[in-house]
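*Asks:* no sequence for this one, just the structure:
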């Protein structure tokens, strides 16, 4: 079973992600970037779903730290964020996220397909 780390500080958003993905993936959750980075030193997940607006350290800073770690660098990271203004998708892709998904999650099938796309790519590479 593939492992997904979810870094999300909003309990309702986290519950929705869990409802969509649990059963198909092992989920490890964090409500802030600092604790996520501490634990990621001991984990190598197949995918990271990362909120942008987090307490203490925002998602962009978390991503920068992830990309500096040679073990974590190849792990796909999807920005899962309420930042959905024109140009936000491009901005986050340029910052190094592999993909971008705007919250709230309205189309659960679309979200599931995006997650599967990245976990299937992992499967093909190994």
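*Replies:* Structure's in. What do you need? Predicted model, so just to flag it, every value in this text is computed and none were measured. Numbers count the residues shown, from 1 in each chain.
*Asks:* tell me which element residue 67 falls in.
*Replies:* Using DSSP states H and E, residue 67 sits within helix 59-68.
*Asks:* avg pLDDT for that helix?
*Replies:* In this model, helix 59-68 has a mean pLDDT of 96.
*Asks:* give me the contact list for that helix.
*Replies:* With contact meaning C-beta atoms under 8 Å, 6 or more residues apart in numbering, helix 59-68 is reached by 7, 33, 36-37, 40, 48, 50-54, 72-73, 75, 77, 79, 81, 92, 95-97. C-betas here are computed from N, CA, C, even on glycine.
*Asks:* where does pLDDT dip in the chain?
*Replies:* Flagging of the chain using pLDDT under 70 yields the residue ranges 121-126.
*Asks:* let's verify the residue most central in space within the chain: helix, strand, or coil?
*Replies:* The centroid of the chain falls nearest to residue 49 when counting by C-alpha atoms, centre = their mean (1.1 Å). Here residue 49 is recorded as strand under DSSP: H, G, I helix; E, B strand; the rest coil.
*Asks:* got a list of what it touches?
*Replies:* Contact analysis of residue 49 by C-beta under 8 Å, 6+ apart lists 4-8, 17, 78, 80, 101, 115.
*Asks:* that older thread, mark which of the contacts of helix 59-68 are part of strands, please.
*Replies:* Using DSSP state E, the subset of the contacts of helix 59-68 located in strands is 7, 48, 50, 77, 79, 81.
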